[in-house]
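Enquirer: next input, structure requested:
(one chain, ligands or ions: 1)
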Amino acid sequence: MISRNARITLAGAAAIGAAVLTTVAVQAQTPAPRVTPPPAPAAPFASTTVSFEVKNAAGAALGTARIFQGNDGQVPGVVLHLELKGLPAGWHGMHFHNKADCSAADFTSAGPHISMTTPVIHGFLMDNANDFGDLPNVYAAADGSVNAEVFSPLVTVYPRASDSRPALFDADGSALVIHANLDDYHTQPIGGAGARIACGMMKR
Ligand SMILES: [Cu+2]
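Expert: Numbers count the residues shown, from 1 in each chain. This is a model prediction of the structure:
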């Protein structure tokens, strides 16, 4: 005769067995990753944090942005941390632009999106999108504040061997540009985001 405790143990073992089978089934259905991770660098890539100022077209400081890059994982990329004030309320598109130059009042000095290929296909919703500058929209509250963190797997902080993605801190740096309107993620070439209203320079 099986004792009560033994029965509980048998029931537990059966449950664990079922869980293992479920896990195996889920693993079998998991598709191959669409993005092949870059080869691991020779030495672990040190965690990086870089801060930079963001200003508006009148030259007023709006606050600070920070860029983080962690160690390599399955989807390496950068986190952009924003703590800004003084933006028009509502949604705003933003992108990484090609050059650390916010000198022109309309911020056209920052150039097009970072490392733009020709032809460029802009927008997260587009098939075959290849715009490395794409970023999610951010929302400015009624008081003009933006507090947000967004992740981009499309760029790195510094140039890295065996990594073809553009680096924000390349020879001429890059710029974070915030636009007047939201980016609809499909209209060419910038999602209908309109004028450049804020700019921050990332350079060594
Ligand atoms: Cu832009």
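
Enquirer: what's the domain layout of this structure?
Expert: Domain ranges of the chain: 1-30, 48-202, per automatic domain parsing.

Enquirer: out of the ones you listed, deepest packed?
Expert: Comparing the domains of the chain on average neighbours per residue, with mean count of other Cβ atoms under 10 Å, the densest one is domain 48-202 at a mean of 18. C-betas here are computed from N, CA, C, even on glycine.

Enquirer: ok now it, how far from the chain's centre?
Expert: 9 Å (Cα atoms, centre = their mean, to the nearest Å).

Enquirer: list the contacts of the closest residue to the ion within the chain.
Expert: Using Cβ to the ion, residue 95 is the residue of the chain that sits closest to the ion, at 3.4 Å. The neighbours of residue 95, taking Cβ atoms under 8 Å, 6 or more residues apart in numbering as the test, are 113-114, 131, 133-135, 176-177, 179, 183, 190, 193.

Enquirer: spit out the contact partners of residue 128.
Expert: By Cβ under 8 Å, 6+ apart, residue 128 lies in contact with residue 121.

Enquirer: that's a strand at it, yeah?
Expert: No: under DSSP: H, G, I helix; E, B strand; the rest coil, residue 128 sits outside any strand and is assigned coil.

Enquirer: quickly find the element holding the residue of the chain closest to the ion.
Expert: strand 94-97 (DSSP states H and E).

Enquirer: so which elements touch the helix or strand just after that strand?
Expert: Next along the chain after strand 94-97, taking DSSP H and E as the criterion, comes strand 138-140. Packing partners of strand 138-140 (3 or more Cβ pairs under 8 Å, 6 or more residues apart in numbering; DSSP states H and E): strand 90-92, strand 146-152.

Enquirer: flag whichever of those strands has the least confidence on average.
Expert: Ranked by mean pLDDT, the helices and strands packed on strand 138-140 bottom out at strand 146-152, with a mean of 95.

Enquirer: quickly list what the spatially most central residue of the chain is bridged to.
Expert: Centroid check for the chain by Cα atoms, centre = their mean gives residue 152 as the closest residue, at 1.6 Å. Under DSSP bridges, the beta-bridge partners of residue 152 are residue 78.

Enquirer: ok, now residue 178?
Expert: The partner residues for residue 178, given DSSP bridges, come to residue 94, residue 198.

Enquirer: list, one by one, the residues from the chain near the ion.
Expert: 95, 177 (Cβ under 5 Å from the ion).

Enquirer: what ranges in this structure fall below the confidence cut-off?
Expert: Counting by pLDDT under 70, the chain shows low-confidence ranges at 1-47, 70-75.

Enquirer: so what's the residue nearest to the centre of the chain up against?
Expert: Contact analysis of residue 152 by Cβ under 8 Å, 6+ apart lists 77-78, 80, 96, 134-135.

Enquirer: in CSV, list the residues you listed along with distance to residue 89.
Expert: Shown next, in CSV, are the contacts of residue 152 (distance: Cβ to Cβ, whole Å):
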residue, distance to residue 89
77, 29
78, 27
80, 21
96, 24
134, 23
135, 19
